[in-house]
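A.B. asks: Output the structure for:
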Amino acid sequence: MTTTHLAVLVPLLPFLGAAAGLLLGRTAPGFVRPLAVLPPLASLVLAAVVAAHQGGGRAIDAHTELTPTGSIPIELALHLDGFAALVAILVAFVATCVQIYSTGYLRDDPRYPSYAALVSLFTSAMLLVVYSGDLIVLLVGWEVMGICSYFLVGHYWETPEARAASLKAFLVTKLGDVPFLIGLFALGTDAGSFRITRILGTVTSGGLDHPTVIALLLLAGVAGKSAQFPLHTWLPDAMAGPTPVSALIHAATMVAAGVYFIARLLPVFEASRAAMIVLAVMAAVTMTGSALAALAQDDIKRVLAYSTIGQLGYMTGALAVGDRGAAVFHLLSHGAFKALLFLAAGVIIHAAGTNSLAAMSRMRGLRDRVPDAYWTMTVALLALAAIPPFSGFFSKESVLGAAEHVATGNTDHAPGAAGWTVLVAGLLTALLTAAYATRLWLLAFRGRGAEAPDHGRQPLTMTVVLWVLAVPSLAFGGLAYRALPGWFDGRDLTPTLLTSVLGTGLALVGGLLTYGAWQRTGALAARVPMGAVAAHPESYAGLVEAETIASHAPAYGDIAAAPDPADPGRLLLGPLYRPAAAGFHLDTVYTALFVRPVQAGASLVRFLDREVVETYVRGAAALPRLLGAAVRRAQTGNVQTYVSALLAGTVVLTVAVVLVATGA
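C.D. replies: Now for the predicted structure:
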């Protein structure tokens, strides 16, 4: 069997598993779990074989015309380069871990069969995006992921939060997909083909007529799918879905698709300096804004959601400085430790006895109750904070090193302004990332909240997956930065000395500042009289605003105006805490700018339809009804009435004839 045949099976097997799972979910429930786990596992094995055959060498291309169009052909094409080979392994690996983990996490869920089938379909769609060599076929996988996310985020549809989150995710990503579709058509028209290789050849020969317009249209879709500013607001709300779904979306599918798409078509964006500047600014705002928001969230999954947005900002920042190797390196590294973070959070949530959400301010005593989650999440948080030698350090430093090269003029792949923008934002985000990672660790495992009831040991399938993911979170970066350049255009991924010192130093500063703030808030809490704690225990769970504390000034004494004693984030952010906790009120702004005008327009249309259009319709129906009533009244059944009417008509006709004749 050739490499091409094996590559076709990689996305096909999860699709067949999804179809079989939906068909047999009710009739043969015993087959549901094997059909959930085995297809992605087989895809993982085949993806590894494809990667071994490809070997980071010359890309493997295969194509056949899918359907005649009369103009630009649509082809079922494969394009297997080093990027595609490794990203496919990541997708299949994380999907397999998520499916195994879900057998324990959702073991009592009555809708598990449909959930497992949708996860497999989600995986298949992402693998189609990864391997596709034709943009229209890629678009199919792109849109299938959108509908899968809608159903999976809304899995707990009984709750209004899940219903609203699924609808918001679908609508916001579709808002970006409309210009994205236009951009794809414009790109195919300029290049005369939707084949990726032919498009890149057209760009190289300078045959692209509208590079800036096309790049900006495509960026809108990328911003929606990969949750980049300003279309990122759907991702934190999507945490209302099951935690394994969050791990899949954040680590390997959906949000990774946009970054991977730009990496595949990077020369299209490099053809426009304006597009590269826009991409750099988008990455910078996304990085810093999401890191500030993460530092103010109470729900553990929302912290991780904003963390994903920020780490995707690093990837788009690497693309903005023209280094797709660094971007995909961080994509691979991030996939491992972010999947671990979410799945460890799932163990914590499971231990807390809830389905989807867990407030860190209410956690206490979890270190001893969930030791597997404690140790593995510690590894993942160190990788997230980019502390050497964990994997996140090497991949993040490759991004900062690429930005430094562009900023100092050592490469002409991107404008120098883009390099400085990404470099400064990346360093600031390194400090903030370490701060919110430390805060999460302290509140989750050394928290001062009320201890939740013990719900017993976690299923073995959940804890084993955590340790499996801990291995690449610890060791991947140190091994990969030497081996991957051959797979990624030969670009050097070795961390540079300056950015390594600055990035690691700022990360340590962020962690130490957060620890110091946590110690200070602990001391402040200890000075509060016990009567105040008994009277207002919710204050010590981090669930009240500063006014509530201030309103009880006599009880709180000289710390009445201090930040909430349980949360170091309040002390670190100060006046920024509230807007950061609310996502800087972007949803409010969008509601005022878009939602309310649309609702007002809909109300106007409804009014016109009801009061104007329906009035005409009712009037058009009233005239025949009146005529019918008049005719009905004339049909009395009385012969004398009919004879009288006949005589009257005869007289009228006679008079008319006489008048006409006289006039003549």
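A.B. asks: any idea which element the residue nearest to residue 237 when sequence neighbours are not counted lies in?
C.D. replies: Distances taken as Cβ to Cβ, 6 or more residues apart in numbering put residue 165 closest to residue 237, at 4.3 Å, once the chain neighbours are dropped. For every residue, glycine as well, the C-beta is placed using N, CA and C. Secondary structure from DSSP states H and E places residue 165 in helix 160-191.
A.B. asks: following that helix, which helix or strand comes up?
C.D. replies: helix 196-204.
A.B. asks: Next, the buried residues of the next helix or strand after that following helix.
C.D. replies: Counting by DSSP H and E, the element after helix 196-204 in chain order, helix or strand, is helix 211-225. Within helix 211-225, the residues that qualify as buried are 211, 213-225, counting by 16 or more other Cβ atoms under 10 Å.
A.B. asks: In the protein, where is pLDDT below threshold?
C.D. replies: 352-358, 365, 448-456, 523-566, 633-634, 663-664 (pLDDT under 70).
A.B. asks: quick one: the strands in it?
C.D. replies: 60-67, 74-80 (DSSP state E).
A.B. asks: helices and strands around the first one, which ones?
C.D. replies: Using 3 or more Cβ pairs under 8 Å, 6 or more residues apart in numbering; DSSP states H and E as the contact test, the elements touching strand 60-67 are helix 3-24, strand 74-80.
A.B. asks: got these as JSON lines, with distance to residue 347 and mean neighbour count columns?
C.D. replies: Supplementary listing: the helices and strands packed on strand 60-67 in JSON lines, determined by distance: least, Cβ to Cβ, whole Å; neighbours: other Cβ atoms under 10 Å:
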{"stretch": "helix 3-24", "distance to residue 347": "25", "mean neighbour count": "20"}
{"stretch": "strand 74-80", "distance to residue 347": "36", "mean neighbour count": "22"}
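A.B. asks: Indicate which one of those is closest to residue 568.
C.D. replies: helix 3-24 (42.5 Å; Cβ to Cβ).
A.B. asks: Could you list the residues in contact with that closest one?
C.D. replies: The contact list for helix 3-24 (Cβ atoms under 8 Å, 6 or more residues apart in numbering) reads 31-32, 35-36, 38-40, 42-43, 46-47, 49-50, 53-54, 60, 62, 78, 80, 88, 92, 95, 113-114, 116-118, 120-121, 123-125, 127-128, 131, 141.
A.B. asks: mind redoing it with 6 Å?
C.D. replies: Residues outside helix 3-24 that contact it (Cβ atoms under 6 Å, 6 or more residues apart in numbering) are 31-32, 35, 39-40, 42-43, 46-47, 49-50, 53, 60, 62, 78, 80, 116-117, 120-121, 123-124, 127-128, 131.
A.B. asks: nearest to residue 368, of the strands of the chain?
C.D. replies: Among the strands of the chain, strand 74-80 sits nearest to residue 368 (Cβ to Cβ), with 47.7 Å.
A.B. asks: quick one: the closest one to strand 60-67, angle?
C.D. replies: 170 degrees (axes from the mean of the first three to the mean of the last three Cα atoms, to 10 degrees).
A.B. asks: so strand 74-80 versus helix 160-191, what angle?
C.D. replies: Going by the same axes, to 10 degrees, strand 74-80 makes 100 degrees with helix 160-191.
A.B. asks: From the contact counts, what lies against strand 74-80?
C.D. replies: strand 60-67 (3 or more Cβ pairs under 6 Å, 6 or more residues apart in numbering; DSSP states H and E).
A.B. asks: For the strand it packs on, buried residues please.
C.D. replies: 60, 62, 63.
A.B. asks: swap in stretch 381-400?
C.D. replies: Within stretch 381-400, the residues that qualify as buried by neighbour count (16+ other Cβ under 10 Å) are 381-388, 390-400.
A.B. asks: distance between the ends of that stretch?
C.D. replies: 19 Å (Cα to Cα, to the nearest Å).
A.B. asks: Pull the residues that contact that stretch.
C.D. replies: Contacts for stretch 381-400 (Cβ under 6 Å, 6+ apart): 314, 318, 326, 329-330, 333, 337, 426, 433-434, 437, 441, 473-474, 476-478, 481, 493, 495, 499-500, 503, 507.
A.B. asks: Give me the buried entries from those residues.
C.D. replies: Here, 16+ other Cβ under 10 Å leaves 314, 318, 326, 329-330, 333, 337, 426, 433-434, 437, 441, 473-474, 476-477, 481, 493, 495, 499-500, 503, 507 buried among the contacts of stretch 381-400.
A.B. asks: for the stretch 351-500 of the chain, what spans make up the helices?
C.D. replies: Secondary structure of the stretch 351-500 of the chain (DSSP state H, counting those that start in this stretch): helices at 366-369, 371-384, 391-407, 416-445, 460-483, 497-526.
A.B. asks: which of these is buried the deepest?
C.D. replies: Among these, helix 391-407 has the highest mean neighbour count (mean count of other Cβ atoms under 10 Å), at a mean of 28.
A.B. asks: Surely residue 303 and residue 294 touch.
C.D. replies: Yes: counting by Cβ atoms under 6 Å, residue 294 is a contact partner of residue 303 at 5.0 Å.
A.B. asks: shared neighbours, those two?
C.D. replies: Counting by Cβ under 6 Å, 6+ apart, nothing touches both residue 303 and residue 294.
A.B. asks: ok so, going back, include distance to residue 660 when you put the helices and strands packed on strand 60-67 into CSV, please.
C.D. replies: Below are the helices and strands packed on strand 60-67 laid out as CSV (distance: least, Cβ to Cβ, whole Å):
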stretch, distance to residue 660
helix 3-24, 82
strand 74-80, 76
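A.B. asks: among these, which is nearest residue 299?
C.D. replies: Residue 299 lies closest, by Cβ to Cβ, to one member of the helices and strands packed on strand 60-67: helix 3-24, at 30.1 Å.
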